[in-house]
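Sequence and predicted model, in that order:
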Amino acid sequence: MQRALQNLPAMTHILFLDFDGVLHPTSSSPDGYFCRVDHLDGALDGSACKLVISSSWRHHHELSALIARFPASLRGRFIGATGPPCFGRWPRYQEVLAFVRKVPDCTSWGALDDSRNEFPVDCPELIACDPNVGLDTPQIEALQLWLGRH
């Protein structure tokens, strides 16, 4: 991961990606996992956006196994996963900030997540998903706006 961070362009958009409630509804069974990943692929198409896994899945699966679940068009975008879990106020936000501090010249990051309570109220970087739906039109539009597409 360290080598990948050193080779990032200075103005890279980095998107922190949760899985449950984002890439599939939280109620999904294993055969429905990642059913929304095509929406993410389409939203990022043509951008230089990099991805970081912030999902709790990172605690139970190897990074390479998680990345292998994605289509080839997204696999090369991954630059790592957030580190050990944080506890206390806004834990996911704290995990993201710890990762961002390691990225030289990172000026733009966002988070796709369904857990609003893990981020400060009105966190401008959070693109919140409905956990019963996952990534859908409102979040895709927010992603495109963040990426500078209108």
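Received the coordinates, thanks. Numbering: from 1, shown residues only.

so the spatially most central residue of the chain bridges to which residues?
Nearest to the geometric centre of the chain sits L17, at 1.6 Å (C-alpha atoms, centre = their mean). As for beta bridges, L17 partners with I53, L112 under DSSP bridges.

pLDDT below threshold where in this structure?
Scanning the chain with the threshold set as pLDDT under 70 gives 1-11, 105, 149-150.

now the helices for it?
Listed in chain order, the helices of the chain (DSSP state H) span 2-6, 37-44, 63-68, 72-75, 91-100, 137-146.

what about the residue lying closest to G88 once chain neighbours are set aside, how many residues close to it?
Spatial nearest neighbour of G88, excluding adjacent residues (C-beta to C-beta, 6 or more residues apart in numbering): Q94 at 7.4 Å. All C-beta spots, glycine's among them, are computed from the backbone N, C-alpha and C. If you count neighbours by other C-beta atoms under 10 Å, Q94 ends up with 16.

gap between Q94 and P104?
20 Å (C-beta to C-beta, to the nearest Å).

cool, and C123?
23 Å.

The two: which is more packed in?
Legend: neighbour count by other C-beta under 10 Å for C123 and P104, higher for C123 (18 against 10).

list the contacts for the closest residue to W146 other than its chain neighbours?
The shortest distance from W146 to any non-neighbouring residue, by C-beta to C-beta, 6+ apart, is to G110 (5.3 Å). Residues counted as contacts of G110 (C-beta atoms under 8 Å, 6 or more residues apart in numbering) are H13, I14, L15, F16, E125, L126, I127, L143, W146.

The fifth one: neighbour count?
E125: 18 surrounding residues under other C-beta under 10 Å.

and the residue nearest to the centre of the chain, what is it in contact with?
L23, L40, L51, V52, I53, S54, S55, A111, L112.

Format those as TSV; extra columns: distance to L74.
Listed next are the contacts of L17 as TSV, based on distance: C-beta to C-beta, whole Å:
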residue	distance to L74
L23	11
L40	7
L51	7
V52	12
I53	11
S54	15
S55	14
A111	17
L112	13
